[in-house]
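**Q** Return atomic coordinates for the entry below.
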Amino acid sequence: MRRRLINSTLAVVLVVIAVFGVSLVIVETRTIENSARESVGSEAVRLVSIVDSRLLGGERVSTEVLRDQITPERYARIEVPGRQPIELGERPGGDVIESRQRGEEGETVTVQVSANTVSEEIGRTLLIILAVALLAVVAAVLLAVRQAHRLTAPLTDLAETAERLGSGDPRPRHRRYGVPELDRVADVLDASADRIGRMLTAERRLAADASHQLRTPLTALSMRLEEISGTDELETVKEEATIALGQVERLTDVVQRLLTNARDPRTGSAVAFDLDEVVKQQIEEWRPASRSAGRDIVFSGKKGLRAVGTPGAVAQVLATLIENSLMHGAGPVAIRTRVTGNQVVVEVTDAGPGVPPDLGARVFERTVSGRNSTGLGLAVARDLAEADGGRLELLQQHPPVFALFLSREADQHETGSGPA
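**A** Below you'll find the model as predicted:
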């Protein structure tokens, strides 16, 4: 493209020079020739006037008197009747430009100049015109190169940007070039880079959330299958298999939930549900893990509460809190339900060291972890809670108290409290 721009610019300049240069040469040649003829004629008239004045005054007309009255490189011949012709200068050879004038006393004055003198002046003028033309060509080349670089460099840069996008690097470059059309292309590429970056971020987030969220139900399912494989009692096998099937259904719900949130994080399927059932189901699922760790899970607080939310999402949030307590805490895992205003609160606590002081509220940020975990669990749990209009908070750092706030079903009746 650069070569085409330079060639097209040069072609335009050469056409302009050819059209106007030839016209200028013709005009200048005729002007120089006419000027030379007029100059020779003027000199002949001047000499006639001088000779007339001297003859009328009775003064002598001679070569010595008239020698200084003629321009060098010109030849003049004065013919006075009855006298010897007077010649001034050297007679030119070849073609000449001549002017002949007659005076009032009958004298004839002839002035000549060699045509070569005119040709030399025309040649000098042509050299000047040629030099100007060459200067114009050089300036056109420099301008074409600069313009070509100004256009091709941005195009090369835009091509590199597009190649980077194609290779998976979606960072926008935010470069502008001062050319409206190219800046428009750069705007489109930057906007595409932003969209691709958001899409890649969403895909990576979905993959990370899926790997973390599926780990918990798969672990629980694995423990149930181990219980089945380790017993010969048919009733126990049936009981564990029924629980395992329930876990498979919840696993399917987790997958569906992740896909729904990936398409639109604000999309929820909140319904009124029995909070006790979700809490007891999670206690049953995590009881084998708690027994293996030599710990217990206790449930207290108000019973018979009905909350508004997605049961599967609430179960997943509780599973994350219980798993964190079993992994990082100590002593029994205590689950307590209570009511505050028009909200239902589920608190999960243990007797462990709690959240480090330097983390605080940052514990819900992605990749933030105090004990070499992935840092995704609490962040994903908070997203799940917020998708249903609830919230997940850290009420106390030591001992740790995490609280899940959910909307309470209107006009529900409360029952008593007691440990499970």
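**Q** Can you get me a residue count around residue 385?
**A** For residue 385, the neighbour count with other CB atoms under 10 Å is 22. Yep, even glycine has a C-beta here, placed from its N, CA and C like the rest.
**Q** What residues does it make contact with?
**A** Residue 385 makes contact with 313-314, 317, 391-392, 404-406 under the criterion CB atoms under 8 Å, 6 or more residues apart in numbering.
**Q** Tally up the residues packed near the closest residue in space to it that isn't next to it in sequence, please.
**A** Counting by CB to CB, 6 or more residues apart in numbering, residue 392 is the residue found nearest to residue 385 once chain neighbours are left out, at 4.4 Å. By other CB under 10 Å, 22 other residues sit near residue 392.
**Q** Residue 392 touches residue 379, doesn't it?
**A** No: look at residue 392 against residue 379 with CB atoms under 8 Å: they stay out of range, at 9.7 Å.
**Q** Overlap of the contact sets of those two?
**A** Counting by CB under 8 Å, 6+ apart, the shared contacts of residue 392 and residue 379 are residue 364.
**Q** Where does residue 392 sit: helix, strand or coil?
**A** Of the three states, residue 392 takes strand under DSSP: H, G, I helix; E, B strand; the rest coil.
**Q** pLDDT value on it, please?
**A** pLDDT for residue 392: 93.
**Q** Doesn't residue 77 lie inside a strand?
**A** Yes: counting by three-state DSSP, residue 77 is found in a strand.
**Q** partners of the residue nearest to it when sequence neighbours are not counted in the sheet?
**A** The shortest distance from residue 77 to any non-neighbouring residue, by CB to CB, 6+ apart, is to residue 110 (4.6 Å). Beta-bridge pairing for residue 110 (DSSP bridges): residue 77, residue 100.
**Q** Nearest spatial neighbour of residue 88, chain-adjacent residues omitted?
**A** Nearest to residue 88 is residue 76, by CB to CB, 6+ apart, at 4.2 Å.
**Q** Can you tell me how far the residue nearest to residue 385 is from residue 239?
**A** Computed as CB to CB, to the nearest Å, the residue 392 to residue 239 distance reads 32 Å.
**Q** same deal with residue 18?
**A** Using CB to CB, we find residue 18 at a distance of 102 Å from residue 239.
**Q** repeat for residue 68
**A** 142 Å.
**Q** the more surrounded of these two?
**A** Counting neighbours by other CB under 10 Å for residue 68 and for residue 239 shows that residue 239 has the greater number, 15 against 7.
**Q** so who does that one touch?
**A** Residue 239 neighbours (CB under 8 Å, 6+ apart): none.
**Q** can you tell me the helix or strand for it?
**A** Using DSSP states H and E, residue 239 maps to helix 234-263.
**Q** tell me the mean pLDDT for that helix?
**A** Averaging pLDDT along helix 234-263 gives 70.
**Q** Within the helices and strands, which one has residue 6?
**A** Short version: residue 6 belongs to helix 2-56, going by DSSP H and E.
**Q** Tell me where the model's unsure across the stretch 251-400 of the chain.
**A** Across the stretch 251-400 of the chain, the ranges flagged by pLDDT under 70 are 253-269, 361, 367-376.
**Q** Can you list the buried residues in stretch 168-177?
**A** 170, 172, 177 (16 or more other CB atoms under 10 Å).
**Q** so what pLDDT did the last one get?
**A** Yep, that's residue 177 we're talking about. Per-residue pLDDT puts residue 177 at 76.
**Q** who touches it in this structure?
**A** Contacts for residue 177 (CB under 8 Å, 6+ apart) come out as 150, 153-154, 157, 183, 186.
**Q** Now, these that are in helices?
**A** Within these, residues falling in helices by DSSP state H are 150, 153-154, 157, 183, 186.
**Q** I'd like the next helix or strand past the helix or strand hosting residue 287.
**A** Assessed by DSSP H and E, residue 287 sits inside helix 275-292. Note on helix 275-292: by DSSP H and E, the next helix or strand toward the C-terminus is strand 297-301.
**Q** can you give me the angle that next one makes with helix 275-292?
**A** 150 degrees (axes from the mean of the first three to the mean of the last three CA atoms, to 10 degrees).
**Q** partners of strand 297-301 in the sheet?
**A** Here strand 297-301 is paired, per DSSP bridges, with strand 333-340 (parallel).
**Q** so what does the helix or strand just after the strand it pairs with touch, helix or strand wise?
**A** The helix or strand immediately downstream of strand 333-340 is strand 343-349, counting by DSSP H and E. Judged by 3 or more CB pairs under 8 Å, 6 or more residues apart in numbering; DSSP states H and E, strand 343-349 is in contact with helix 275-292, helix 311-328, strand 333-340, strand 401-408.
**Q** distance between the next helix or strand after strand 343-349 and the chain's centre?
**A** The helix or strand immediately downstream of strand 343-349 is helix 377-387, counting by DSSP H and E. Relative to the chain's own centre, helix 377-387 is displaced by 34 Å; criterion: CA atoms, centre = their mean, to the nearest Å.
**Q** Helix 377-387 vs strand 401-408, what angle?
**A** With the same axes, to 10 degrees applied, the angle from helix 377-387 to strand 401-408 works out at 20 degrees.
**Q** In helix 377-387, which residues are buried?
**A** By 16+ other CB under 10 Å, the buried positions in helix 377-387 come out as 377-385, 387.
**Q** Dump it to PDB, keeping only the CA atoms.
**A** What follows is helix 377-387, C-alpha atoms only, in PDB (Å, rounded to 0.1, in the frame of the first residue of the first chain):
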ATOM      1  CA  GLY A 377     -15.900 -20.600  48.200                       C
ATOM      2  CA  LEU A 378     -17.100 -17.600  50.100                       C
ATOM      3  CA  ALA A 379     -17.100 -15.400  47.000                       C
ATOM      4  CA  VAL A 380     -19.300 -17.800  45.200                       C
ATOM      5  CA  ALA A 381     -21.500 -18.300  48.200                       C
ATOM      6  CA  ARG A 382     -22.100 -14.600  48.500                       C
ATOM      7  CA  ASP A 383     -22.900 -14.400  44.800                       C
ATOM      8  CA  LEU A 384     -25.500 -17.200  45.200                       C
ATOM      9  CA  ALA A 385     -27.000 -15.400  48.200                       C
ATOM     10  CA  GLU A 386     -27.300 -12.100  46.400                       C
ATOM     11  CA  ALA A 387     -28.800 -13.700  43.300                       C
END
